[in-house]
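Engineer: Here is my input, please return the structure:
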Amino acid sequence: MSSDLGHPRRWSLILSLLDMCISEIQYDVRLCLIFLIGSCEMKKRKFKEEERRKFHEAEKAKEEQLSKKRRREERREKFREQDKLKKKIRRDSGA
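Structural biologist: Modelled structure (predicted):
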């Protein structure tokens with residue numbers, strides 16, 4: 001039964017039943033239910049947003065790590081090419 005409370009149609013049904021018999025005490029109960037439903041909804045939303053944020057941060061960190069690795073490889077390749085040119089120049093000038 002508690003798992004069924006999460007569905008919005010279920011809330012409207014509960015609230016409409018409570019509206020039928022409103023006394024002062026029942027009105028307070030209705031307000032408490034509305035507050036509880038709202039707080040549960042906010043907790044769910046915050047949890048989902050937190051999960052989404054963590055996922056994006058993990059993806060960003062992964063991408064950043066790959067880009068660092070790629071830049072490092074590009075620099076190594078660049079220095080290898082420069083070294084090859086320097087050696088070739090030395091060989092040509094020495095001969």
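
Engineer: residue boundaries of the helices in this protein?
Structural biologist: Using DSSP state H, the helices of the chain run over 8-20, 24-94.

Engineer: Can you flag the weakest of those by average pLDDT?
Structural biologist: Set side by side, those give their lowest mean pLDDT on helix 8-20, at a mean of 70.

Engineer: Next, the distance between the ends of stretch 16-34.
Structural biologist: Length of stretch 16-34, first residue to last, C-alpha to C-alpha, to the nearest Å: 12 Å.

Engineer: would you turn the helices of the chain into CSV with mean neighbour count?
Structural biologist: C-betas here are computed from N, CA, C, even on glycine. Compiled in CSV, the helices of the chain are given as follows (neighbours: other C-beta atoms under 10 Å):
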stretch, mean neighbour count
helix 8-20, 12
helix 24-94, 10
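
Engineer: Check the gap between the spatially most central residue of the chain and Gln65 for me.
Structural biologist: Most central in the chain under C-alpha atoms, centre = their mean is Arg52, positioned 1.7 Å from the mean C-alpha point. Note on Arg52: its distance to Gln65, by C-beta to C-beta, to the nearest Å, is 21 Å.

Engineer: now Leu36
Structural biologist: 43 Å.

Engineer: next one: Gly38
Structural biologist: 41 Å.

Engineer: Tell me the pLDDT of Ala95.
Structural biologist: Value for Ala95, per-residue pLDDT: 58.

Engineer: same deal with Ser2?
Structural biologist: For Ser2, pLDDT reads 47.

Engineer: What of Ile22?
Structural biologist: At Ile22, pLDDT is 62.

Engineer: Contact partners for Glu41?
Structural biologist: By C-beta atoms under 8 Å, 6 or more residues apart in numbering, Glu41 lies in contact with nothing.

Engineer: what's the answer for Glu50, then?
Structural biologist: Glu50 neighbours (C-beta under 8 Å, 6+ apart): none.

Engineer: Next, work out how far apart it and Ser12 are.
Structural biologist: Glu50 is 28 Å from Ser12, where distance means C-beta to C-beta.

Engineer: now Lys88
Structural biologist: 80 Å.

Engineer: and what of Lys44?
Structural biologist: 18 Å.

Engineer: Many thanks, we can stop here.
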